[in-house]
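>>> Curious how this folds, go ahead:
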Amino acid sequence: MPRQLDIGPDMKPLAGFEVLDVMGPGRPHPAEILRRLPYEDASFDLIHMAHVLEHVAWYQTGEALAEMLRVLRPGGVLEVWVPDALRIAEAFVNAERRGHDPLKIDPWTRFNPAGDPCVWAAGRLFSYGDGTGTPGHPGWHLAMFSPRRLREALLQAGFVGVEELHSGRVRGHNHGWISLGATGRRKP
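Numbers count the residues shown, from 1 in each chain. You can find the predicted model right below:
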């Protein structure tokens, strides 16, 4: 029977997956966990990691992905989902330069009752931490990804067969139009 791991802040565990909650209350920061997962080498056939990698500092992305590779079995698959910074940036530019309202395509208005496009973009790119500005809170986004950057990061970490995932392949909670997905395999 395949062994599958779900790493993330998802609200509902995926059926048939073991869960490593790196964003729950009382948990260490995702960057600490992803440096050395509590699993033996080559333990899993599939790892699903949704909206976690952006909580690891941009300069530690390769380290975190190498750790995913370590715990995958040969031929094992990683599915990773992150916010698409390119789409967010395009929506911001369209709002600022062309007067488009980003709130019409994304009603995320937390801390932005006036609907300011710059505040909206900052919230989407950097997130809100714990909502009070606590430094070091695991909810802050510390990295951003475009399709190119996510692909390169996976390839540099040693994944093969890297390809973009489309929204129809989302497992669990769908973060909507901002989600960028990619998959890669450990060499057989």
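>>> longest strand anywhere in the protein?
strand 72-83 (DSSP state E).
>>> starting at the chain centroid, how far to that one?
Per CA atoms, centre = their mean, to the nearest Å, the displacement of strand 72-83 from the mean C-alpha position of its chain is 12 Å.
>>> One more: stretch 102-122?
Counting by CA atoms, centre = their mean, stretch 102-122 comes out at 21 Å from the chain centroid.
>>> start to end distance for that stretch?
12 Å (CA to CA, to the nearest Å).
>>> for the record, mean pLDDT for the longest helix along the chain?
The residue-count maximum for a helix in the chain (DSSP state H) belongs to helix 85-98. The average pLDDT for helix 85-98 rounds to 89.
>>> Equivalent analysis for stretch 115-133, please.
82.
>>> Report the buried residues of that stretch.
116-117, 120-125, 127-128 (16 or more other CB atoms under 10 Å). C-beta: built from backbone N, CA, C; applies to glycine.
>>> would you list every one of the helices in this structure?
Under DSSP H, the chain gives helices at 30-35, 61-71, 85-98, 102-105, 117-126, 147-157.
>>> Nearest to residue 18, out of these?
For these, the distance to residue 18 is smallest for helix 61-71, at 11.1 Å, taking CB to CB.
>>> now the angle from the closest one to strand 72-83?
Angle of helix 61-71 versus strand 72-83, following axes from the mean of the first three to the mean of the last three CA atoms, to 10 degrees, is 140 degrees.
>>> other SSEs contacting helix 61-71?
In terms of contacts (3 or more CB pairs under 8 Å, 6 or more residues apart in numbering; DSSP states H and E), helix 61-71 is packed against helix 30-35, strand 44-50, strand 72-83, helix 147-157.
>>> buried stuff in that helix?
Within helix 61-71, the residues that count as buried by 16+ other CB under 10 Å are 61, 64-65, 67-71.
>>> Need these in TSV (columns: distance to residue 135 and pLDDT).
Below are the buried residues of helix 61-71 laid out as TSV (distance: CB to CB, whole Å; pLDDT from 0 to 100):
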residue	distance to residue 135	pLDDT
61	21	95
64	21	94
65	26	96
67	25	95
68	27	96
69	31	97
70	30	97
71	30	96
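>>> tell me which of these is nearest to residue 44?
residue 71 (5.7 Å).
>>> Determine the number of other residues adjacent to the residue lying closest to residue 81 once chain neighbours are set aside.
The shortest distance from residue 81 to any residue other than its chain neighbours is 4.2 Å, reached at residue 50 (CB to CB, 6 or more residues apart in numbering). Residue 50: 23 surrounding residues under other CB atoms under 10 Å.
>>> Please apply the same query to residue 179.
The tally of other residues near residue 179 (other CB under 10 Å) stands at 19.
>>> now swap in residue 91 and tell me
23.
>>> Adding distance to residue 15, write the buried residues of helix 61-71 out as CSV.
Compiled in CSV, these are given as follows (distance: CB to CB, whole Å):
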residue, distance to residue 15
61, 29
64, 25
65, 25
67, 25
68, 21
69, 25
70, 25
71, 21
